[in-house]
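Student: Predicted model, plus sequence, below.
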Amino acid sequence: MSQITPYNTDAGKKKEVEDMFDNIAPKYDLLNHVLSMKIDVLWRNTLVKWMSKDVPKEVLDVATGTGDLAIAVQKGTGADVVGLDLSQQMLNVGIDKIKKLNLDAKISMQKGDAENLPFDNNKFDAVSVAFGVRNFENLEKGLSELRRVVKENSSVYILEFSKVEGFFGPLYMFYFKNILPQIGKLVSKDNRAYTYLPDSVNAFPFGEKMKSILLNTGFRKVEYKKQSLGIATIYKATK
Ligand SMILES: C[S@@+](CC[C@H](N)C(=O)[O-])C[C@H]1O[C@@H](n2cnc3c(N)ncnc32)[C@H](O)[C@@H]1O
């Protein structure tokens with residue numbers, strides 16, 4: 001898999017990803033909802049519904065960013081949630097949101113790296129990641145860390161962009177590659193962030209390929225559900 005990085009410098013993908021999200025943090029939520037016409041909210045809720053069947057008490061949301069999935073998981077399952085992210089600016093936006101919602105007793109946010117999680121083995125009843133794994137510097141290392149911290153027989157839920165197949169594909173790709181980056185650049189003032197988005201999605205495994213990567217990481221069972229004609233996919237990987 002080719003390594004697509006935000007700024008193509010020598011800094012390394014992890015540092016570039018942290019810098020990019022620090023840059024776009026103030027506009028991230030706005031752009032997310034405008035560019036996806038709020039469909040991202042539906043996808044997160046579908047993930048939470050799937051997870052809620054496990055009745056988790058303690059959940060880790062990796063690459064939590066501004067905390068939307070952490071908040072949805074807390075509301076949908078009642079669990080205590082830890083949100084972890086590389087970008088302090090993204091976390092700060094999330095911390096404000098969580099305070100306003102009076103959820104700070106149930107959701108804690110901390111800075112950290114998915115590829116080196118600061119938690120014991122078998123700690124969490126469930127782990128979630130939305131739009132995060134594509135940004136990992138070392139995908140296999142990150143996935144094996146997610147597996148390490150979830151309990152035996154429990155699951156990691158991953159929501160990630162995939163590729164639209166069929167008649168709607170070319171139309172969607174035109175929007176994703178041409179229109180979305182222009183709006184993203186205008187609003188976020190970051191020249192690369194919303195070009196990196198389609199480029200990184202294009203280079204990222206999905207469907208059966210992603211399933212086999214998860215199985216090779218040591219998960220014993222992997223199921224997945226395509227969302228919105230394949231724009232995104234939710235994977236459930238069970239330890
Ligand atoms: C597209 S945002 C997704 C945020 C949130 N999950 C959501 O659904 O809106 C991706 C996030 O992944 C974080 N990230 C990328 N690589 C990471 C890593 N190795 N460890 C922790 N967070 C990481 C970024 O800092 C960024 O906040």
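Tutor: Perfect, thanks for sending it.
Student: For this structure, which helix extends over the most residues?
Tutor: When secondary structure is assigned using DSSP state H, the longest helix within the chain turns out to be helix 13-35.
Student: could you point out which element follows that one?
Tutor: Using DSSP states H and E, the helix or strand that directly follows helix 13-35 along the chain is helix 39-52.
Student: Show me which residues of that next one are buried.
Tutor: 40, 43-44, 46-48, 50-51 (16 or more other Cβ atoms under 10 Å). To be clear about C-beta, it is placed using only N, CA and C from the backbone, and glycine gets the same treatment.
Student: and for that helix, what are the contacting residues?
Tutor: Defining contact as Cβ atoms under 8 Å, 6 or more residues apart in numbering, one finds that helix 39-52 is touched by 32-33, 59, 68-69, 72-73, 75-77, 126, 128, 130, 155, 157, 159, 225, 227-228, 231-232, 234, 236.
Student: mind redoing it with 7 Å?
Tutor: With contact meaning Cβ atoms under 7 Å, 6 or more residues apart in numbering, helix 39-52 is reached by 32-33, 68-69, 72-73, 76-77, 126, 128, 130, 157, 159, 227-228, 232, 234, 236.
Student: Out of those residues, which end up buried?
Tutor: Looks like the contacts of helix 39-52 have 32, 68-69, 72-73, 76-77, 126, 128, 130, 157, 159, 227-228, 232, 234, 236 buried, using 16+ other Cβ under 10 Å.
Student: Run through those residues and flag the ones next to the ligand.
Tutor: When contact is defined as Cβ under 6 Å from any ligand atom, the buried ones among the contacts of helix 39-52 meet the ligand at 32, 68-69, 130.
Student: I'd like these as CSV, with distance to T5 and secondary structure appended.
Tutor: Output for these, formatted as CSV (distance: Cβ to Cβ, whole Å; DSSP: H, G, I helix; E, B strand; the rest coil):
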residue, distance to T5, secondary structure
N32, 21, helix
D68, 24, helix
L69, 24, helix
A130, 21, strand
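Student: Just give me the closest of those residues to the ligand.
Tutor: Of all those, A130 has the smallest distance to the ligand: 3.4 Å, by Cβ to the nearest ligand atom.
Student: That closest one bridge partners, please.
Tutor: L159 (DSSP bridges).
Student: these two touch, right, it and I71?
Tutor: No - proximity of A130 to I71 does not meet the contact threshold set by Cβ atoms under 7 Å, at 11.4 Å.
Student: so where does whatever residue of the chain ends up closest to the ligand fall, helix or strand?
Tutor: Residue nearest to the ligand within the chain (Cβ to the nearest ligand atom): G65, separated by 2.5 Å. G65 belongs to no helix or strand when elements are defined using DSSP H and E.
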